[in-house]
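> Provided below are the primary sequence and the corresponding predicted coordinates.
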Amino acid sequence: MSQPSVPPPTQAASGGGGVQVRCAGCKLILTVAGGVTEFVCPTCQLPQMLPPELMRVQLKVATPPPPPPLASSQLNVPAHGIDPTKIQVPCAHCKAILNVPHGLARFACPQCGVDLAVDLSKLKQLFPPRPPPEEENEVAIEVEREEDEGGMVGETFTDYRPPKLSIGPLHPDPIVETSSLSAVQPPEPTYDLKIKDDLESSNALSCLQIETLVYACQRHLHHLPNGARAGFFVGDGAGVGKGRTIAGLIWENWHHGRRKALWISVGSDLKFDARRDLDDVGATCIEVHALNKLPYSKLDSKSVGVREGVVFLTYSSLIASSEKGRSRMQQLVQWCGSGFDSLVIFDECHKAKNLVPEAGSQPTRTGEAVLDIQARLSEARVVYCSATGASEPRNMGYMVRLGLWGAGTCFLDFRDFLGALEKGGVGALELVAMDMKARGMYVCRTLSYKGAEFEVVEAPLEAEMMEMYKKAAEFWAELRVELLSASAFLSNERPNSSQLWRLYWASHQRFFRHMCMSAKVPATVRLAKQALMKDKCVVIGLQSTGEARTEEAVTKYGLELDDFISGPRELLLKFVEENYPLPEKPEPLPGMFGSDFKGEESVKELQRKRHSATPGVSLKGRLVKLPSFLSLSFCFINAADSAHTESDDEFQICEICNTEEESKKLLRCSCCGQLFHPACLVPPVIDLVTGDWSCHSCKEKTDEYLQARDAYLAELLKRYEAALERKTKILEIIRSLDLPNNPLDDIIDQLGGPDKVAEMTGRRGMLVRASSGKGVTYQARNTKDVTMEMVNMHEKQLFMDGKKFVAIISEAGSAGVSLQADRRAVNQKRRVHLTLELPWSADRAIQQFGRTHRSNQASAPEYRLLFTNLGGERRFASIVAKRLESLGALTQGDRRQVGLVFGPTLSAYNYDSAYGKRALVVMYKGIMEQDSLPVVPPGCSSEKPDTVQDFIVKAKAALVSVGIVRDTVIANGKDSGKLSGRIVDSDMHDVGRFLNRILGLPPDIQNRLFELFISILDLLIQNARIEGNLDSGIVDMKANVIELQGTPKTVHMDQMSGASTVLFTFTLDRGITWESASTMLDEKRKDGLSSAHDGFYESKREWLGRRHFTLAFESSASGMFKIVRPAVGESLREMALAELKNKYRKMSSLEKARSGWEDEYEVSSKQVEIVDEAILYGCSDFCLE
């Protein structure tokens, strides 16, 4: 039972209205009868008067004989009219209690108008000593929180069996469904399977797989309002058996004469699984054609001969085309033909999820192709099949055949549908999944994780790795400064530097992700060896293999190396080598830098170019900016100097003597074109001149020009060589850094090499340690007997046959692969699944987890999620946790399944949320000193402000070093040395960027920044919970008494399936009577399961004059106790013994316990009545708040 925030005021004994006020002296809450304006506190005996705002209310009531006011110990009511943020003092004239703001010394009484003054020195003497302010009552807060949460039921899964079909055997493994979905009934099955008898005799499909066949075929009989055939969504979890279900659908349609089908999946290897599944259901006559092995010509032509059967292709093939321009899409549509009404299976359909990307991104070609083929084949029977097909509502854009938006719905298009879901929050996502099941278009079951173990293993950085990480972070900060300096020397001709910084931050993130992976290698190897010693086998999951860096190193250094490649080092080398901003290298010209410049042809060419040059144009014809030290007079001939050349034929005059005598002997300067007598020159020219000749003035200008040019180009060359030298030094520093090896090669080597470890990845080659133990050799993964296409299948078989007991998988090589402890396999040892690298998205996480947890397994796996103790690495967990939360809400129908399936610890890493964005803004403003921090930073003390200021200085410098704080300036004067800058708006809310960037900080400041962020986030979430603003979505309500109020109301009827939506209103009573609580304790003791600490407890502290009572008994978890309260029943949260003893004391008197319990139960039953509205989908036993 929840206590109301403002209960109605207690009536006065005389029947008149009363009000509640807080005593200005002792601060107790008093109830003042109607009509009474002056009273004396019965506790501190202070005479006082009602505040003016309540005075008018009281005067309207006839004054009865004034009863003594009641203290708060007698009534559980809050105060009115008192502002706790202000000082309460009585007026010296009329005695009214006034709310006076702190610091206000003079004011007028609003009641009598008298001017008043506050003497703070005498204020304490006015009132008697008050009790010390009460500390925060944790027990009271805890009780309120549990009352607000409404007693949610902890169980989120229920065992699953088809509710309306009884065909086929039970599934070989326990199957469960979320409680939200299990409350929804599917429509009545009306479809009659043609292969029903075959399935019952062969037991090839379980009852739940047959149920999927019935509802999918039933759904395919309908058409949407836009004319397209309705589709079906198989959302079963990984390992349930979707492949065999698809084979059953193909076999059923085959019996109806529909002999063609398209099966689109993620990998060509899965064609063999498709063949196996068809054989298992008895469809051995149906051929499976791998499209990637067929030409681009017509599939049903004589040369190809594919006239019927299953065409198996990948999503990559769907967008492929030949060199001649013929596409696979055209080929498939032509093969299907007009009126094609057979199956189109989108297996692992999450590959098409980016059809409607985030703002600023473009749709993927895969998503557009999936949409296109559905539009071209409007009569096709479409099946969407994936455990993660709708990890968030945006990813449902290609599911146009579900009929959730468009004609005949409430949503004009998908964006309208998406906007409604985003506004509705988590609860809206859950309702979508429930609605789809109720309308017969969706099934979603999952393997029970009973028996599976989940653990988040923190792998703290070893001392050597810690030092390595610190030096790497410092180097990246120095590299950023170096790049900024180098970029400043570039001319305007260089391309925009934004590309440089995009590459820098991308490499920065990739580098430190490699570092985080490498830091977990020792823990991974240790856990793997421990599992092997316990006769278990190991599966290690990662995402990146480092193949690109390895191949680059092999190309550079050769096939034989001294040791394994360091991925981080090669990444750094590649980035600096390709992106370090060098100025343009000057091209050497004849005669430059001391070379011989005596050739007449060179002089002639230079003078010709110089004379014909256009100002502002380089010798190569490109516009240039002339250096300040090169005057135009050096480069170009004055126009007046060459004016005479225009009339050479009319006037041939010596420029020195100005005569026309001996005009035939005049020498013409080949540069300026002026004429001279040989005798007039100083010194005179005696020898006969042949060829080009230059006058003394032009020679001088040419020499000056050459000297200036050489000096200019020498400066350019000097700058280039200095930059090149800096780049070379940086590369040398990178080569000298102590950086870890490629994690994949390192793990394989430490666990026995390729002979002991099965590798299922996308890489083509690997480094193997030489037999002598010295050096490593690069070799291809495939052999003469095994092609590259089949190498992963070969490795998988070696693992399943027990010839190798360690498997390493990546997304590229393990999609759809089954590695569970299969009862049909030789290797049935229990799997220990280690996630060295958490996948980027929930889709990939689910797929990776599902490799080792599948149907028909001898034992459930153990999952170990490895994280370092670096705050920044939680960035990767944050992304996945966010997807897992919404995945649980939409794909599984209940977001709470995440906490139970993947362990309660993983969902705690969801930082990239609305509250995370707000927390980031608060933190940034605090660090930039625009606002105060709401929490004390880690490692600081509120009593020592210097520690907080020191942290802010360090935090600001750290954010500068990773590029979050920009345009930094170091202040002078009284703030000398203080950094100032700004954080752009786009970064203020970008949690992902913050978590990315802090990866590049030294571990100490990185963890302190992250802890500050988490502390602020927790505070915001706690405040939202207290204020009732936290989005909890759909919750299950648990109560002892549930009463239906009024008549159920049908609010919607689905025309296609007949499912109805009905609104119910209930009254719930969750309280536990004393008799029920006593019975629970007695049964525990009779079973012999009780402990010495079981029994009734009362809180050590009072709250509003009352103590809280509880029943505690030990749970299955050692040292933890279940808590039962009179008002709300059993609490979800268990309490540790130490916490229980700290907050409560055990009661020895049962009579006292009974009295307190019954009193609390009675008070809560009178205070509130919970009324919940529930929506029912097509059934009579589903209730939802």
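Sure thing, it's come through. Numbers count the residues shown, from 1 in each chain.
> how about the helices of the stretch 751-900 of the chain, start to end?
791-800, 811-814, 842-849, 874-890, 897-901 (DSSP state H, counting those that start in this stretch).
> which stretch in these is the model least sure about?
Of all the helices of the stretch 751-900 of the chain, helix 897-901 carries the lowest average pLDDT, namely a mean of 40.
> okay, now the residue nearest to residue 686 when sequence neighbours are not counted: neighbour count?
Of all residues not flanking residue 686 in the chain, residue 678 sits nearest, at 7.3 Å (Cβ to Cβ, 6 or more residues apart in numbering). Bear in mind the C-beta positions are built from the backbone N, C-alpha and C, glycine included. Neighbour count for residue 678, taken as other Cβ atoms under 10 Å: 17.
> what sits against residue 678?
Contact partners of residue 678, counting by Cβ atoms under 8 Å, 6 or more residues apart in numbering, are 665, 667, 684-686, 689.
> in three-state terms, label it for me.
coil (DSSP: H, G, I helix; E, B strand; the rest coil).
> report pLDDT for it.
pLDDT at residue 678 comes out at 81.
> likewise the one 4 residues further on?
Turning to residue 682, the model gives it a pLDDT of 77.
> then residue 154?
pLDDT, read off for residue 154, is 42.
> ok, now residue 805?
Looking at residue 805, the pLDDT reads 92.
> who does the residue lying closest to it once chain neighbours are set aside form a beta bridge with?
Sequence neighbours aside, residue 537 is the residue nearest to residue 805 in space, at 4.2 Å (criterion: Cβ to Cβ, 6+ apart). Here residue 537 sits in beta bridges with residue 831, as judged by DSSP bridges.
> residue 537 and residue 803 touch, don't they?
No. Counting by Cβ atoms under 8 Å, residue 537 stays clear of residue 803, with 11.2 Å between them.
> ok, and what's touching stretch 275-282?
If you take Cβ under 8 Å, 6+ apart as the criterion, stretch 275-282 is touched by 195, 198-199, 202, 204-205, 243-244, 246-248, 250-251, 284, 286, 288, 310.
> list the buried residues of that stretch.
When burial is assessed from 16 or more other Cβ atoms under 10 Å, stretch 275-282 yields the following buried residues: 275, 277-278, 280-282.
> redo those as CSV? Include secondary structure.
Output for these, formatted as CSV (three-state DSSP):
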residue, secondary structure
275, helix
277, helix
278, helix
280, helix
281, coil
282, coil
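> and the furthest pair within these?
275 and 282 (13.2 Å; Cβ to Cβ).
> return the closest of the buried residues of stretch 275-282 with respect to residue 693.
Out of the buried residues of stretch 275-282, the member with the shortest distance to residue 693 (by Cβ to Cβ) is residue 275, at 90.4 Å.
> separation between the closest one and residue 287?
Here the criterion is Cβ to Cβ, to the nearest Å. By it, residue 275 lies 9 Å from residue 287.
> over to residue 835?
Taken as Cβ to Cβ, the span from residue 835 to residue 287 is 39 Å.
> among these two, which residue is more densely surrounded?
Taking neighbours as other Cβ under 10 Å, residue 835 and residue 287 compare with residue 835 leading, 24 against 14.
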